[in-house]
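Enquirer: Model the structure of this input:
(2 chains)
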Protein chains: 2
Amino acid sequence: MTQQQAMTPDELEQALRRIGEECYHHRHPFQLRLQNGELNKAQVQAWALNRYYYQAMIPIKDASFMARCFDPAIRREWRQRIIDHDGDSPENGGIRRWLALTDGLGLDREMVESTRKLLPQTRHAVDAYVHYVAERSLLEAVASSLTELFSPIVIPIRMQGMLAHYDFISRDTLAYFEPRLTQAPRDADFALRYVKQHAVTREQQQQVLDALRFKCGVLWSLLDALDYAYVVPGNLPPGAFDPKRDV
Amino acid sequence: MTQQQAMTPDELEQALRRIGEECYHHRHPFQLRLQNGELNKAQVQAWALNRYYYQAMIPIKDASFMARCFDPAIRREWRQRIIDHDGDSPENGGIRRWLALTDGLGLDREMVESTRKLLPQTRHAVDAYVHYVAERSLLEAVASSLTELFSPIVIPIRMQGMLAHYDFISRDTLAYFEPRLTQAPRDADFALRYVKQHAVTREQQQQVLDALRFKCGVLWSLLDALDYAYVVPGNLPPGAFDPKRDV
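Expert: Numbers count the residues shown, from 1 in each chain, chains lettered A, B, ... in the order given. You can find the predicted model right below:
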């Protein structure tokens, strides 16, 4: 395939799915440890506390996308993502359901919401995603959400694994994930249709592929940071959540 | 010390130096391995290739600071940082001297400059620093440069250690570091005077301390990523520099 020759929409989809197979975090060592029951409670706490920041920044990311999108039809579609995460009241929505997990793990709510105990890399990676969506083309911003194509691979395995292996995890504490099983495919279908329709030139298609690679790198590096700091001994960065002192 | 009570300028300096002692990367495991001769050539290559991105983005960071700074006196001081890194010609300057290191290590120049083989975390952490300087107050931007206060701790130890332990390292390949021994203290003195003069309220002083903590986190997490990907076995992220294939 030369620089100039564009792919068909279906070839583009196949190329995206190959990137997911190679780069999505379903094969990350920390992900495997989590779903195989090989982590202790402190390590699961660290995962939940750090991943909270990702959840909390998703509506910021989606709002900054909408702030640059002049097509009401796309905004109408996209706003559902914000509604899903922020909910209708303080008692529901994805962020609130994530706090059910951190609560259930015995983490102090104020500590979690303050985000002051994050690993530095968690903040860098999530902020990199937020900036990417705020600064790149709308096409690249939409394409960077395409990791949702692959979350149905991970969510059921993770839920079943965590329920089976950890006595400190219940179906209630995993309330975040169940709605995602319908929300994520709906969002991914829209984003996939969008990029197949709008990425026409080879250059645009390359941007779409690069955007998905970038986003896979964000999710991958979140787990790198957790694995390094909380699984490999002796690597806790200064100021980060310390299960011995912060619970 | 209450929220309201401001520190004296010298107390602020002491508080900054305590943060350096705790959070600067002079005690990071990868830093110790590097200077103690415990890394192999491939691991030193990975360090040099990833750290290149930090060097390359420094003038971008400094230009975005100057773009928001309305005081010619400060801009005159600050522009020296850009001159130091970009040089007077393609043959000199800090970025060029860093390429002497990657060249000396046998890395392909085009691969290094393209930055396409970076660890995702390297990009996230460096970009976090660039965004921080572009988006925060000038006071916080200046304060985030204060890690230079501590680089004289690290540079001579690293230079001597690398020269002593690695036969693939020569004084020529370490040309980057020698000028930094005078440039860094000059820059740090200016920045320290600036924050001691301008951080007057307790809130401003807290911003200054937080900015230094943030920046220490950037440098720390660059080494976290290297240690995880290139020292702990089996953790190379998809698409990153692979010494077995990319040299």
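Enquirer: For the rest of this, base every contact and every neighbour count on C-alpha atoms.
Expert: OK.
Enquirer: Show me the helices in chain A, by range?
Expert: Along chain A, the stretches classed as helices by DSSP state H are A:9-23, A:29-35, A:41-66, A:72-86, A:94-104, A:109-114, A:120-135, A:138-144, A:151-165, A:177-198, A:202-230, A:243-246.
Enquirer: residues contacting A:F214?
Expert: Residues touching A:F214, when contacts are defined by C-alpha atoms under 8 Å, 6 or more residues apart in numbering or on different chains, comprise A:S144, B:P120.
Enquirer: 10 Å - rerun?
Expert: The neighbours of A:F214, taking C-alpha atoms under 10 Å, 6 or more residues apart in numbering or on different chains as the test, are A:C23, A:A128, A:Y129, A:Y132, A:A143, A:S144, A:V208, A:W220, B:P120.
Enquirer: so how far is chain A from the last one?
Expert: Using C-alpha to the nearest C-alpha, to the nearest Å, we find B:P120 at a distance of 5 Å from chain A.
Enquirer: you'd agree that residue is up against B:Y53?
Expert: No. Here B:P120 does not reach B:Y53: they are 11.4 Å apart, not a contact under C-alpha atoms under 10 Å.
Enquirer: shared neighbours of these two, which are they?
Expert: Contact criterion C-alpha under 10 Å, 6+ apart; no residue bridges B:P120 and B:Y53 by contacting each.
Enquirer: higher neighbour count, these two?
Expert: B:P120 (28 against 20; other C-alpha atoms under 10 Å in any protein chain shown).
Enquirer: Name the nearest of the contacts of A:F214 relative to B:R18.
Expert: Within the set of the contacts of A:F214, A:A128 lies nearest B:R18; the separation is 28.9 Å, counting by C-alpha to C-alpha.
Enquirer: Please name the residues that touch that closest one.
Expert: Taking C-alpha under 10 Å, 6+ apart as the definition of contact, the neighbours of A:A128 are A:122, A:134, A:214-215, A:218, B:120-121, B:123-128, B:131.
Enquirer: Output those residues in CSV; the columns should cover distance to A:L99.
Expert: Compiled in CSV, the contacts of A:A128 are given as follows (distance: C-alpha to C-alpha, whole Å):
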residue, distance to A:L99
A:T122, 17
A:A134, 26
A:F214, 27
A:K215, 24
A:V218, 22
B:P120, 28
B:Q121, 26
B:R123, 29
B:H124, 26
B:A125, 27
B:V126, 30
B:D127, 29
B:A128, 26
B:H131, 29
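Enquirer: Looking at the residues you listed, state which has the most neighbours.
Expert: Neighbour counts for those were taken using other C-alpha under 10 Å; the highest belongs to B:Q121, with 30 neighbours.
Enquirer: Looks like that one contacts A:H124 (just checking).
Expert: Yes. Between B:Q121 and A:H124 there is a contact under C-alpha under 10 Å: 7.7 Å.
Enquirer: Now the common contact residues for those two.
Expert: Contact criterion C-alpha under 10 Å, 6+ apart; residues bridging B:Q121 and A:H124 by contacting each: A:V218, A:S221, A:L222, B:D127, B:V218, B:S221.
Enquirer: Save those residues as TSV, and put in distance to B:G37 and pLDDT too.
Expert: Converted to TSV, those look like this (distance: C-alpha to C-alpha, whole Å; pLDDT from 0 to 100):
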residue	distance to B:G37	pLDDT
A:V218	32	98
A:S221	27	97
A:L222	29	98
B:D127	30	97
B:V218	24	98
B:S221	21	97
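Enquirer: Next, format those residues as TSV and append distance to A:P9.
Expert: TSV is the format used below for those (distance: C-alpha to C-alpha, whole Å):
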residue	distance to A:P9
A:V218	25
A:S221	29
A:L222	31
B:D127	32
B:V218	40
B:S221	39
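Enquirer: follow-up on the earlier one: tell me the one among the contacts of A:A128 nearest to B:P29.
Expert: Nearest to B:P29, judged by C-alpha to C-alpha, of the contacts of A:A128 is B:Q121 at 17.2 Å.
Enquirer: quick one: that closest one and B:A164, what's the gap?
Expert: As for B:Q121, its distance to B:A164 is 30 Å (criterion: C-alpha to C-alpha, to the nearest Å).
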